[in-house]
Each structure stands twice: as C-alpha cells, then as structure tokens.
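Asks: Next come a sequence and a model predicted from it.
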Amino acid sequence: MRAAVALVLVLAPLAAARAQPYNQAEAQALALAQETIALRSVQGPDNRTIDVARVFAGALREGGWAEGDIEIAPVDDTAYLIATWPGSDLSLGPIVLSAHMDVVEARREDWERDPFTPVVENGFLYGRGASDTKFEASLAVASLIELRRQGFRPKRGIVIAYSGDEETTMKTSKIVADRLDNAHVVLNIDTASGTLSEETGEPLYWSWQGAEKTYIDFQLEVTNPGGHSAMPRPDNAIAQMSRALERISAYRFTPEQNDITRGYFAKAAAIHPDLGVAAAMRAFAADPMDAEAIEVLRADPAMIGRIGTTCVPTMVSGGHAANALPQRATALVNCRVFPGHSSAEIKAELERAAATPEVRITDVTGDTATASPASPLRPEFVEAFEKGIAAAWGEVPVYPTQASGASDSMWYRALGVPSYGASSSFIKESDEFSHGLNERIPLLNVRPGVTYYISVLTDLASR
C-alpha cells in the first residue's frame, strides 16, 4: 500500500503537487477503492453491492460515525447507503455527497486483467468501477473522515448518499433522493470531471455539470393485414416504417440554451482547438438562433447534442416470413431531451416529423428516468468548486456543462434540489473506459482529490 501511494506522488504533475498532503486519508482512499472494486456489485445473481456499502460503513464507524447515523437498506438484490454527519444547526438542509456503488457487467475473458481484481500498474488503478465510480466514492469517504479527524464541526450536516442501481433501474437512486429532499445542495461525484492533456498529462480544464438531458425511448409500430409477397400493396409495414424513420433521422429540433449551456459555450470556446468551432460556440452563446453557428455546431458530433434535443433511431425489426408481406414493423427511437420539455411534447413533434399516420408512437422509457430542470447558477456553489480545484490542481479553466446522459442528479433536480456533477478527478480522454474494457483511473488523483473534497466540504458545510 505504501509503495502504491509513493507511486502516486512520483507521478503527480506539477499542478497536483501543490495539493496539501494528507497521508492517512490518501492511503485509506486507495485501500477503500481496491477493496470495493474487488466486490462484484453487478445487478443479478451474487450482486455484492450491499458488501460495498458495508465496507464504506465500516470505515465511517472507525472514523467516528455513530451506529445510528449509518443506514444500509437492502432493496431487491441491491442496497443503498445513507450516512449522516449531523451539523450544529439542524434547521439547515444538509450537503449531500452522491455516488453509486453498482457497476456495469464485466467478463474476465474480455479483459486483459480480471475486472474484479484491482491492479495498480504504471500509475493507474485498474478494475471495474475504477473510474465509474468506486474510486471517487472512496476518495470522498476518506476525505470526510480526514475532515472529522482534523476536528472540523460542520454547521450544515453532511450526508453520504450512495445508491445501488444507478447503472440499471435507478430504483434506489429515486428512493434516496426522495428521502433527502430537504438537501441544501447535492454534489454528484460520479466519474471524472476534469480532463488531462494527452501530450503533457497536465490539467486542461475542469467542468461541473449543472443540468442533464432527459432520456426517453419511443417505440414506433405499424401493423397491416399482411398477405402473399406475390401480391404487394402500398400499405407495406416495413416501407411505411422506413419512410417514418428517414424523416425522423433528418429532423432537427429547434436549438436551445439555458444558463448552464450558455456558460459552457462562452467559456469553453477559449480552449477549443478548432478556431471555427470556437467562433461558432461564441456566436451561439450570444444568439442561439445564429444560423451559421448552428450549422457548424450541428456538423460536429460532439456539439450537436449540446444545442438542443436529439432523437435517433437505434433499433428496428419487421416481418415474419421471407415470402409474406410484413404484418408488423417496430423501431426504437432514443431521445435526449433538452431540459424543459415533456415526453408528450417530444412525442407530438416526432409524429409531425414522421408524417406517417399509420405509425403509432409510444413512450416505453418506464420509470428509469425523469425530466429535471437545470440547477441554478448559485455563486456560493460555483465559488466553492473553483476554490477547491485551485487548491488541488492550481489554476485550471473551469466551466459549466450539461450532460446528455442520465445520472442520479435528475432525481434531486426533479424535486427542486440543486445537484451538481462535481468530482475531483482528472483523466485523459484516451484513458476513459467507463463501462468499457480495462477501466482505469490515474492514481495522480489521490492527493489533489483529498484536498478538493476537504476544501469544498469545509466551505459549503460552514454556511
């Protein structure tokens, strides 16, 4: 363990070396990450998410948490953890640290290393959950224990709220959010928020996530009587579905922006390597109806989803025999909806775009996602994030972002609780393998990570 931590310090870039050393917390963070990665917390038989919760709970008990302030609640084959450090003013809403303990499935035969045997190698921690998100959850726990060890007394309570099925049904995610609807703010520490340079390994920028698009799956279906393929008719289910999908694929939703995305385009333009795209970002921030800027941003796969709702066909099936007219054709259209729009609105827009009355459109998302507004740009939160990053990593550009994927934050935001994706870690884009093979996280994040959490939690819990 000492050798691993020493390796972290040797490999730390100059910016991270400015972070204050907390040797005990650093060692504990790495040890907790390794212990929890070794537990296969995957939905289904032998799900060990509850054991991950027990590891964190044990560390907190040893760190001074009372038994009555720690709760592990089993739900189906998983569990969630809520651990409270009460504040001196119980009338104030708490600061919530949100993460998840479950991980995506990983098979040994596909990986270079056993995904559930943590390996420290070449400055990285390898294993399923290394970047998403057991390492970050461990950092936060170890940092909070260090803060208590120092004698800090929070004015606001601090709550660790770790869900157990964020990667699948999000049932515990919603339960936890409902229980903590009195929170002052939520720090969602899921995955890395910072990006490292591919060339130098130094921090390029750090972004906090203040909003996310709503995930919606729509099923399209058309049915016909069918018949013999030797007697074709105009009402062919596959042909009708094909025309509808082609129109939907070509359809473009009206561009939009909110305070979060406007801030992103205005600030991130300064570091975008493509000057044409950077100019379009600035123009779009100033005027979301700027036609030239929209054309440039829509041509960039990394940008098209940032300027509004997107819907794209992802699955299709039809027909029942090679020599018969199809009686049925179905397709799935996946939408990532800009905050502020309901499923009914998007469905009506898709129906107009498809312009094929025979095609029925149904929302089949279920209860695994919900619409949520953008979190407010509250100066007290933004300043705490920026101060924490500066203490941990030095002077690094910071800007807001809106995510296209779903996270536990949506359940809090839907209740009116501000939630921000604001983890401490940095990673190169080429090393980002969340949900993929050979998942890893750079160990150079350990020391600055502890510094970041101590800074941010001290600031927010003292108000």
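Replies: Received the coordinates, thanks. Numbering: from 1, shown residues only.
Asks: Provide a complete list of residue ranges assigned to strands in the stretch 301-450 of the chain.
Replies: 310-318, 324-325, 328-337, 360-363, 398-403, 419-421, 426-427, 440-442 (DSSP state E, counting those that start in this stretch).
Asks: Any chance of these in CSV with mean neighbour count and mean pLDDT as columns?
Replies: In short, each C-beta sits where N, CA and C put it, glycine included. Formatted as CSV, the strands of the stretch 301-450 of the chain follow (neighbours: other CB atoms under 10 Å; pLDDT from 0 to 100):
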stretch, mean neighbour count, mean pLDDT
strand 310-318, 15, 97
strand 324-325, 17, 95
strand 328-337, 20, 97
strand 360-363, 15, 98
strand 398-403, 21, 94
strand 419-421, 27, 97
strand 426-427, 26, 96
strand 440-442, 26, 97
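Asks: I'd like to know which of those strands lies nearest to Ala106.
Replies: Between Ala106 and the strands of the stretch 301-450 of the chain, the tightest spacing by CB to CB is seen for strand 440-442, at 12.5 Å.
Asks: can you give me how far that closest one is from the chain middle?
Replies: From the chain centre to the centre of strand 440-442 is a distance of 17 Å (CA atoms, centre = their mean, to the nearest Å).
Asks: Repeat that for stretch 112-124.
Replies: Worked out by CA atoms, centre = their mean, stretch 112-124 lies 23 Å from the chain centre.
Asks: Dump it to CSV, restricted to CA.
Replies: Written as CSV, here are the backbone C-alpha positions of stretch 112-124 (Å, rounded to 0.1, in the frame of the first residue of the first chain):
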residue,chain,number,x,y,z
GLU,A,112,-6.5,-8.1,-20.1
ARG,A,113,-6.8,-8.3,-16.3
ASP,A,114,-9.5,-9.7,-14.0
PRO,A,115,-12.0,-6.8,-13.8
PHE,A,116,-12.8,-7.6,-10.2
THR,A,117,-9.2,-7.9,-9.0
PRO,A,118,-7.9,-4.3,-8.5
VAL,A,119,-4.4,-3.8,-10.0
VAL,A,120,-2.1,-0.9,-9.5
GLU,A,121,0.2,-0.6,-12.6
ASN,A,122,2.0,2.1,-14.4
GLY,A,123,0.4,4.9,-12.4
PHE,A,124,-3.2,3.6,-12.8
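Asks: Residues contacting it, please?
Replies: 4, 7-8, 11, 30, 33-34, 37-40, 106-108, 125-128, 130, 431, 437-444 (CB atoms under 8 Å, 6 or more residues apart in numbering).
Asks: before we move on, back to that, for the strands of the stretch 301-450 of the chain, could you give me JSON lines that also reports distance to Ala83?
Replies: Formatted as JSON lines, those follow (distance: least, CB to CB, whole Å):
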{"stretch": "strand 310-318", "distance to Ala83": "38"}
{"stretch": "strand 324-325", "distance to Ala83": "60"}
{"stretch": "strand 328-337", "distance to Ala83": "33"}
{"stretch": "strand 360-363", "distance to Ala83": "36"}
{"stretch": "strand 398-403", "distance to Ala83": "26"}
{"stretch": "strand 419-421", "distance to Ala83": "18"}
{"stretch": "strand 426-427", "distance to Ala83": "27"}
{"stretch": "strand 440-442", "distance to Ala83": "23"}
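Asks: Nearest approach to Ile95 belongs to which of these?
Replies: Per CB to CB, nearest to Ile95 of these: strand 419-421, 11.2 Å.
Asks: residues in contact with that closest one?
Replies: Counting by CB under 8 Å, 6+ apart, 98, 185-191, 193, 208-210, 375, 381, 385, 401, 403, 407-409, 412-413 sit against strand 419-421.
Asks: tell me the domain boundaries of this protein?
Replies: According to automatic domain parsing, the chain comprises the domains 2-212+374-461, 216-363.
Asks: among those, which is the most enclosed?
Replies: Highest mean neighbour count among the domains of the chain (mean count of other CB atoms under 10 Å): domain 2-212+374-461, with a mean of 20.
Asks: Any stretches of this protein with poor pLDDT?
Replies: Scanning the chain for pLDDT under 70 picks out the ranges 1-18.
Asks: Find the residue at the geometric middle of it.
Replies: In the chain, the residue lying closest to the centroid (CA atoms, centre = their mean) is Ser407, at 4.6 Å.
Asks: In this structure it contacts Asn188, no?
Replies: Yes - between Ser407 and Asn188 there is a contact under CB atoms under 8 Å: 5.9 Å.
Asks: Got phi/psi on Arg262?
Replies: Backbone torsions of Arg262, given as degrees, to the nearest 10, read phi -60, psi -40.
Asks: Give me the common contacts of Ser407 and Asn188.
Replies: Common neighbours of Ser407 and Asn188 (CB under 8 Å, 6+ apart) are Gln209, Gly421.
Asks: Which of the three states applies to the nearest residue to Glu429 once chain neighbours are set aside?
Replies: Leaving out its chain neighbours, the residue that sits closest to Glu429 by CB to CB, 6 or more residues apart in numbering is Thr195, at 6.5 Å. State at Thr195, reduced to three classes by DSSP: H, G, I helix; E, B strand; the rest coil: strand.
Asks: Does Thr195 have any beta-bridge partners, and if so which?
Replies: Tyr205, Ile427 (DSSP bridges).
Asks: which residues touch it?
Replies: Counted by CB under 8 Å, 6+ apart, Thr195 has contacts Pro203, Leu204, Tyr205, Trp206, Phe426, Ile427, Lys428, Glu429.
Asks: Distance to Ile82 for those residues - can I get that in a markdown table?
Replies: Below are those laid out as a markdown table (distance: CB to CB, whole Å):
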| residue | distance to Ile82 |
| --- | --- |
| Pro203 | 33 |
| Leu204 | 35 |
| Tyr205 | 33 |
| Trp206 | 28 |
| Phe426 | 29 |
| Ile427 | 28 |
| Lys428 | 34 |
| Glu429 | 34 |
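Asks: Out of those, which is nearest to Thr169?
Replies: Among the contacts of Thr195, Ile427 lies closest to Thr169 (CB to CB), at 27.3 Å.
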